[in-house]
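>>> got a structure for you, letters missing:
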């Protein structure tokens, strides 16, 4: 792969620092509506997160990434933001957020917050002002307002489609009651896209970054980081690269944002959600003066297959090497089918194509064995690892939510063809909820046995495995900073070593159908399941000293 343009090792940036905290961090994603309910209204909140900080400290994570906590009509689960400088009342107050950041720091946990620069809510003051101001106004220039096509402007300005289904444009009614212009929304109609050709948008978001950095946050996860800049000609999309992503202007934005971070001395991080599948384009976002890390979707999509996983691991490390960036390893998040369910299916791969597969038979016992092995694999690889809330409990996808209880806009915009993401957002089972406790999405009864209370009492549970593995990862330099090297292994087995300062940890993952005789070793550090006569069973992983 060619070295991305404009990269030089002389570029001054925290990205080049081998000791930056985020290079080997274990980061826990919190979807606040579903993590912990502190006031009993059935919806997770900041009080719930603050109360569970001891749990997160015991789990052993270095940081939390909190999905949007801003005021929002919740047309898209909080990713439709009405005010970027406040907290939605359902979650608490700005003072609660400041207290959470402070208390998390006291517990040794950093805080990354979501930022959504591609779009806002249609209730955002800027968008309301744009509707009132009318065509040609400076207020509308902050968004993508255009006249429609057709004799009476009755057709959208182009053929761009929404990620959530249907046209990517919505027509407004003007102040005089007449049908008016159309505005672009790459996601829900309630999420108008910002026009990043407008300097006011640039200035606003740099101000928003400073607002939260001044309150001590340790970084930002940037939603759809490669979608911000559109081709201003707004051409129809027929084939080839999408005209709404990966324009050169995106990189100018992140270079400007990086300068904002440089004014703060607590080493904040940018984590990008980059959807491009092209390795060279992906690496461009990770140049030393842009994003520090970006999510590794090819790894998440990979089937449970030794050859496929080794290929994506090799390509990930190769993509990051030219720019000195750190890799990320993630198995699930708030937008994807939980990997316990995926790994229990005949087809264990996952496609990020805007449609999730539902209703396919899954062997959840098999899925959990594989999920345990995958956890040890990700935690042993070089880079930072993400844990989506509930991964550590082995939660599965909830697929039988009644239609009248679903809330994800993808369900409604596709007429139910896509059941959406509600199934991975069901609130966590803590085990100490009141018998009649409310929950904004129903928890399945089978989760009672997977609750934090139940698993905390069982050292052989998934939670026990995560706690042991994260503790070892934190304690052993080889797992945090060690050199990575593949080891010889039979077909269907992944074997590699992490070595630092004369100390080595070996990770073996048996994806074959037969038990694996373990090589000579001093100690079994942690195993994803019971060993059988000194062999590693199928769909199981182990760390050896």
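Great, that's in hand. Worth saying up front: this structure is predicted, and the values here are computed from it rather than measured.
>>> from here on, contacts and neighbour counts on C-alpha atoms
Fine.
>>> Return the list of helices and strands in contact with the helix-or-strand element of the chain with minimal mean pLDDT.
Using mean pLDDT, DSSP states H and E, helix 409-413 stands out as the lowest-scoring helix or strand of the chain, at a mean of 81. Helix 409-413 is packed against no helix or strand, with contacts defined by 3 or more CA pairs under 8 Å, 6 or more residues apart in numbering; DSSP states H and E.
>>> outside of it, which residues touch it?
Where contact means CA atoms under 8 Å, 6 or more residues apart in numbering, the residues beyond helix 409-413 that reach it are 75-76, 164-166, 188, 416-421.
>>> Show me which of those residues is closest to residue 428.
Each of the contacts of helix 409-413 was checked against residue 428 using CA to CA; the closest is residue 421, at 15.1 Å.
>>> So what does that closest one have for phi and psi?
With angles defined as degrees, to the nearest 10, residue 421 sits at phi -110, psi 10.
>>> confidence score at the closest residue to it other than its chain neighbours?
Closest residue to residue 421 apart from its sequence neighbours, by CA to CA, 6 or more residues apart in numbering: residue 335 at 5.7 Å. At residue 335, the predicted lDDT confidence score is 90.
>>> quick one: which helix or strand includes residue 335?
Assigning secondary structure by DSSP states H and E places residue 335 outside every helix and strand.
>>> Around it, how many other residues sit close by?
A count of nearby residues for residue 335, using other CA atoms under 10 Å, gives 15.
>>> try residue 273
18.
>>> Same question for residue 460.
Residue 460 has 14 neighbouring residues, counting by other CA under 10 Å.
>>> do you know how far it is from residue 467?
Using CA to CA, to the nearest Å, we find residue 460 at a distance of 11 Å from residue 467.
>>> swap in residue 132?
54 Å.
>>> which one of the two has more residues nearby?
Neighbours around residue 132 and residue 467, counted as other CA under 10 Å, are more numerous at residue 467. The numbers are 21 against 13.
>>> Can you tell me the closest non-neighbouring residue to the more buried one?
Sequence neighbours aside, residue 59 is the residue nearest to residue 467 in space, at 5.0 Å (criterion: CA to CA, 6+ apart).
>>> wait, doesn't the one you found sit right on residue 466?
Yes - contact status for residue 59 versus residue 466: in contact at 7.1 Å, counting by CA atoms under 8 Å.
>>> neighbour count winner among those two?
Higher neighbour count among residue 59 and residue 466: residue 466, with 24 against 20, using other CA under 10 Å.
>>> ok, so what distance separates the residue nearest in space to the middle of the chain from residue 422?
Centroid-nearest residue in the chain: residue 333, 5.1 Å away (criterion: CA atoms, centre = their mean). Taken as CA to CA, the spacing of residue 333 relative to residue 422 amounts to 12 Å.
>>> Now the common contact residues for these two.
With the criterion set as CA under 8 Å, 6+ apart, the contacts of residue 333 and residue 422 do not overlap.
>>> circling back: now the residue nearest to residue 421: how far from residue 27?
According to CA to CA, residue 335 and residue 27 sit 17 Å apart.
>>> And the pLDDT at residue 238?
Model confidence at residue 238 (pLDDT) stands at 86.
>>> can you check residue 288 too?
84.
>>> and what of the one 4 residues further on?
Note on residue 292: pLDDT of 94.
>>> quick one, phi/psi of it?
Backbone phi and psi, for residue 292 under degrees, to the nearest 10, turn out to be phi -80, psi -40.
>>> So which residues make contact with stretch 44-60?
With CA under 8 Å, 6+ apart as the contact definition, stretch 44-60 has outside contacts at 26, 32-39, 90-92, 96-97, 100, 103-104, 107-109, 427, 466-467, 470-471, 474.
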